[in-house]
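K.L.:
Based on what follows, work out the 3D shape:
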Amino acid sequence: MRMHTRRLTLHYPGLPPALEGFKIAQVSDIHVGWCVPANDLEAVVDAVHAESPDVFTITGDIIDDISQLDRTMEVLSAVKAKHGSFACVGNHEYYAGMRAIRRAYDASSIALLEDDATTLRVGDATLEVSGVTYPLGRMGAMTAGTRFPTLAERALVENGEGGDFRLHLAHHPHAFDAAAERGANLVLAGHTHGGQVGVGGRSLFSPFFRYCRGLYGNDRSKLFVHSGTGHWMPVRVGCPAEIALVTLSGAAA
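P.N.:
Numbers count the residues shown, from 1 in each chain. Model (predicted):
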């Protein structure tokens, strides 16, 4: 399984000193199935461990072949991050079998956040991690975009307590606007696979997504759209599979 580690340092004026250098590892869109067997994830775990992350995150679409679920969760649960592992679901979890996947997460060391939030203590600072479900629509409209504000409201307002820094997990990148309006400092997303085809660091599929690949936002709220750790069709051009490693900094860019 070929992939590269994409390292980003994100700058937030006023970031508490305790969060300086805090490292967040992200995988997304693994799509374990005929293209990506579960055993290939061992290389992913090794690459994540090499970065010694403070938090490990999974932003949906882990699996298409439910028969490989047990092995998939066994391997992903082997990741050791100082402050834990957290996940949100994508649309493919619903296609593959949401009940079985939810049970597998419950039995693992990875916290599945479904319109919910938890707060971590990092030295004398607090870091909130929240996550939302996928806004699945009816057949023919597979993404109900009008639901983004409702999901963000549940996770960040009704169930979120806030914190010195607020990390938000959402599979679909268009969830960013609603999450930013409700105080999310960093939204990690996936779903697009970065288009899987790109030229000059830009996706050829950008016209189909407001946020398609890479980094967006401002000093207060940022979005990173992951290009995918796996794929459901074995073609990538100018858009390699990746693991993302985000480092927080309060220093000026």
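K.L.:
and D106, how many neighbours?
P.N.:
D106 is flanked by 10 other residues according to other CB atoms under 10 Å. Where you see a C-beta, it was placed from the backbone N, CA and C, and this is true even at glycine.
K.L.:
Model confidence at it, what's the number?
P.N.:
Predicted confidence (pLDDT) for D106: 97.
K.L.:
do the same with S227
P.N.:
Note on S227: pLDDT of 87.
K.L.:
I'd assumed P240 was in contact with it.
P.N.:
Yes. Between S227 and P240 there is a contact at 7.2 Å, judged by CB atoms under 8 Å.
K.L.:
could you list every residue that touches the spatially most central residue of the chain?
P.N.:
Centrality entry for the chain: nearest residue to the mean C-alpha point is T59, 2.9 Å, by CA atoms, centre = their mean. By CB atoms under 8 Å, 6 or more residues apart in numbering, T59 lies in contact with 26-29, 87-88, 90, 169-171, 188-190, 226.
K.L.:
Show me which of these are buried.
P.N.:
26-29, 87-88, 90, 169-171, 188-190, 226 (16 or more other CB atoms under 10 Å).
K.L.:
Can you point out the buried residues in stretch 82-98?
P.N.:
H83, G84, S85, F86, A87, C88, V89, G90, N91, H92, E93, A96.
K.L.:
Among the buried ones among the contacts of T59, which ones are in helices?
P.N.:
Judged by DSSP state H, the subset of those located in helices is empty.
K.L.:
hmm, which two among those are most spread apart?
P.N.:
Among these, the pair separated by the greatest distance (CB to CB) is V27 and A170, at 14.8 Å.
K.L.:
between S227 and P240, who's got more neighbours?
P.N.:
S227 (27 against 15).
K.L.:
Which residue ranges of the stretch 151-253 of the chain form helices?
P.N.:
176-181 (DSSP state H, counting those that start in this stretch).
K.L.:
Tell me where the model's unsure across it.
P.N.:
Residues of the stretch 151-253 of the chain meeting the criterion pLDDT under 70: 194-209, 232-239, 253.
K.L.:
hang on, the earlier thing: for the residue nearest to the centre of the chain, give the beta-bridge partners.
P.N.:
Beta bridges link T59 to C88, judged by DSSP bridges.
K.L.:
distance of it from V44?
P.N.:
From T59 over to V44 the distance is 14 Å, taken as CB to CB, to the nearest Å.
K.L.:
what touches both of these two?
P.N.:
Residues touching both T59 and V44 (CB under 8 Å, 6+ apart): V27.
K.L.:
got the buried residues for the helix or strand F56 falls within?
P.N.:
Using DSSP states H and E, F56 sits in strand 55-59. Buried residues in strand 55-59, defined by neighbour count with 16+ other CB under 10 Å: V55, F56, T57, I58, T59.
K.L.:
just stretch 97-116 next, same as before
P.N.:
Result for stretch 97-116 [16+ other CB under 10 Å]: buried residues I101, A104, Y105, S108, I110, L112, L113, E114, D115, D116.
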